[in-house]
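Novice: model the structure of this input:
(chains A and B)
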Amino acid sequence: MSATDTATEVRELTYLGAVNEALHQIMAEDPDVFCAGEDVGANGGVFGSFGGLQKQYGEMRSVDTPISEQAIIGLGIGAAVAGLRPVVDLMFMDFIMVAMDQIANQAAKLKYMFGGKTSLPMTITTNAGAGLSAAAQHSQSLEAMLCHVPGLKVVMPSNAYDAKGLLVASIRDDNPVVYCKHKMLFGAKGPCPEDLYEIPLGVAKTVRPGSDVTMVTYGRMVGESTKAAERLAEEGIDCEVIDLRTLQPMDSEAVIASVKRTNHCVVVHEAVRFGGLGAEIAAQIQEEAFDYLDAPVGRVAAPFAPVPFAPSLEKTYVPGAKRIAEGVRAAVERLSTSA
Amino acid sequence: MELTNDVLKDLHRRMMRIRLFEEAAGRLFENSEMPGFIHLYVGEEAVAAGVCAALRPDDQVGSTHRGHGHLVAKGGDFKKMMAELMGKATGYCNGKGGSMHICDLELNMLGANGIVGAGAPIAVGAAFANKYRGNDTVAIVFFGDGATNIGAFHEAANMAAALKLPAVFVCENNEYGEYTPRSKTMAIDDVVDRAAGYGMPGVMVDGMDAVAVYEAATQAVARARAGHGPSFIEAKTYRYYNHHGVQIMGFKYRTDEEVDMWKARDCIDNIEARMEAGGVMTRAELDAVRDEIQAQVDEAVKFGQDSPYPEVDALLDDVYTVGAAQ
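Specialist: Got it, this is the predicted structure:
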């Protein structure tokens, strides 16, 4: 593909390296940006996202906090109201549940409740997803809960390039943004320019153009969906893969426009199926493009169960290219049976 | 620290402003002119007045669901407050917040808060910003006795101490968490005992005595300003009206004798007696202050009543900040 051809001239970075570079560069640019969280300072974060920041910027800008998720988010809120631009970290996405009052009742609503008298330029970084046998409390994909709360923005990058550009945009945004990395993508290398750049929030990206079916996905499932699309291409099914990149606000226009061309849609996410974003996307499509659909909108997602520990079970739980391809075939077969 | 006549006059005026505002708000609420919930500060005025008199304008105040008194003491505008409590477009929050979210960020009053204990982590964040900027601004955290039983409070107090932030934790111990007596919800007699667990100095004061509160706050604020970290003040005080409204719930959770005992120690009666005895102000002068403030309150009530409700097209305004970064 042309994107990867031109990328040979561009330096490659890992997904995590891109995150780290974004933090270094934006902290150099903006003295109001600081990072805080558990093991964020001296140790650079348990996964290395914050590596080197304390050495470069000192303890006030790279802060080790107690294991106090509510106070970590509150630290961000209070500092943001006072005019700083905090990046506060919750080590695992599961831990948002510990801090949900501060996230959903405070950060998300302050601006509205105060009649617009403040803005809240804070970013909450966290690490989502299964794949490390980390079991049910360190592996969840809880983005749908966050997307349900007016006032929050939610970002989930799928590759190094987006990881950097979306983090820069998240930090520069004047709203509370939850920036969710996927743990299984940390080491994934991809082209990533050295300069400080921004990818606007709320803009999806078509990572693979196609004409037969639209696959709407994000995060780790972008790679799996693309793999599935390549297999399906050999079978003569031409898939368009859309990476949402930002989940709230969602680029519904891009999804609807694509579905109007392909007349089929399958939503793919790692979060559990019931009440997941797939339900919202399917509803929007039937509201906006019902007459264009040749088949019901399909969903490929995790089953309605906690994330299991045993590697054999976890592998079955998380959707992969094979299961995604099956889901797409089912949607397309519906076309052939109804036609 | 010198307790000048000006300080006494200031404390008296702040308390009287809170009292008359709250009495008027209570009447309007009982008269169904205020929607929603209302948590009145009447009885506890010495705490907000004593603390806020010890502050500079740039010092921040984190508040609670019982937050009107904090905003008045910080210099809040009666008209914008009354209009907000009535849900009017001219209110502090354009009618979007009401009693439990009333704020004035220009006065560095960071907002009342509908979630018990939740104001503490936010105020600690403001304290962090002060230290980050290297200024000597201090953040005050008001909270009730009940809030010290909630996790967010504990996390915030510990974090403020661990990071040595310029914060002052002010416990308004009114002896009830909603309608349940404090003795049933904690196994200690004095909330201030908890300060030691955070590694903070703690002091207990008579929360019906604005001078005592002012003196304790002055010391704690000076300590925070000098970079020595947070302190804890427990002010023993009392809520004359119910947790919510004036007498709306009708629960018999305390005796009339108990209420009367506290009212006999009323913070405003207390300071007025002291001022008269000390020749600071005459009875006639004190009454003139009261009349002046009452006229302002009446004007604010009329302003609120005459103000329009928000236009329905404001419904979706301010969910997000739109546009480029500042």
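
Novice: which element is the residue in the stretch 151-300 of chain B positioned nearest to chain A on?
Specialist: Proximity of the stretch 151-300 of chain B to chain A (CB to the nearest CB) peaks at residue B:155, 3.6 Å away. Backbone N, C-alpha and C define where each C-beta goes, glycine included. In the assignment (DSSP states H and E), residue B:155 maps to helix B:151-162.

Novice: centroid-nearest residue for chain B?
Specialist: residue B:70 (2.8 Å; CA atoms, centre = their mean).

Novice: that residue contacts residue B:143, doesn't it?
Specialist: No - in this structure, residue B:70 is not within contact of residue B:143 by CB atoms under 8 Å, at 10.8 Å.

Novice: between those two, which contacts overlap?
Specialist: Counting by CB atoms under 8 Å, 6 or more residues apart in numbering or on different chains, the contacts common to residue B:70 and residue B:143 are residue B:64.

Novice: who in the stretch 151-300 of chain B is up against chain A?
Specialist: Proximity of the stretch 151-300 of chain B to chain A, by CB under 8 Å from any CB of the partner chain, involves residues B:151-152, B:155-156, B:158-159, B:162-163.

Novice: of the residues you listed, closest to residue A:277?
Specialist: Distance to residue A:277 across those (CB to CB) is lowest for residue B:152, with 29.2 Å.

Novice: list the buried residues of stretch A:317-335.
Specialist: Of all the residues in stretch A:317-335, those buried under the rule 16 or more other CB atoms under 10 Å in any protein chain shown are A:317-319, A:321, A:323-325, A:327-329, A:331-332, A:334.

Novice: ditto for stretch B:198-209
Specialist: In stretch B:198-209, counting by 16+ other CB under 10 Å, buried: B:198, B:200-209.

Novice: and that stretch, what's its mean pLDDT?
Specialist: Mean per-residue pLDDT for stretch B:198-209: 98.

Novice: same check on stretch A:274-283?
Specialist: Stretch A:274-283 shows a mean pLDDT of 98.

Novice: next one: stretch A:320-334
Specialist: Mean predicted lDDT for stretch A:320-334 stands at 92.

Novice: grab the nearest non-local neighbour of residue B:84.
Specialist: residue B:91 (2.8 Å; CB to CB, 6 or more residues apart in numbering or on different chains).

Novice: residue in the stretch 201-326 of chain B nearest to chain A?
Specialist: Residue nearest to chain A within the stretch 201-326 of chain B: residue B:318 (3.4 Å; CB to the nearest CB).

Novice: pLDDT score for that residue?
Specialist: So, for residue B:318, pLDDT stands at 96.

Novice: now do residue B:3
Specialist: At residue B:3, pLDDT is 87.

Novice: before we move on, what about residue A:219?
Specialist: For residue A:219, the pLDDT comes out at 98.

Novice: now do residue B:16
Specialist: We have a pLDDT of 98 for residue B:16.

Novice: which phi and psi does it have?
Specialist: For residue B:16, the backbone dihedrals are phi -60, psi -40 (criterion: degrees, to the nearest 10).

Novice: before we move on, what about residue A:331?
Specialist: Here is the backbone geometry of residue A:331 (degrees, to the nearest 10): phi -70, psi -40.

Novice: now the helices for the stretch 51-200 of chain B?
Specialist: Ranges of helices in the stretch 51-200 of chain B, per DSSP state H, counting those that start in this stretch, are B:68-73, B:78-85, B:119-133, B:151-162, B:193-198.
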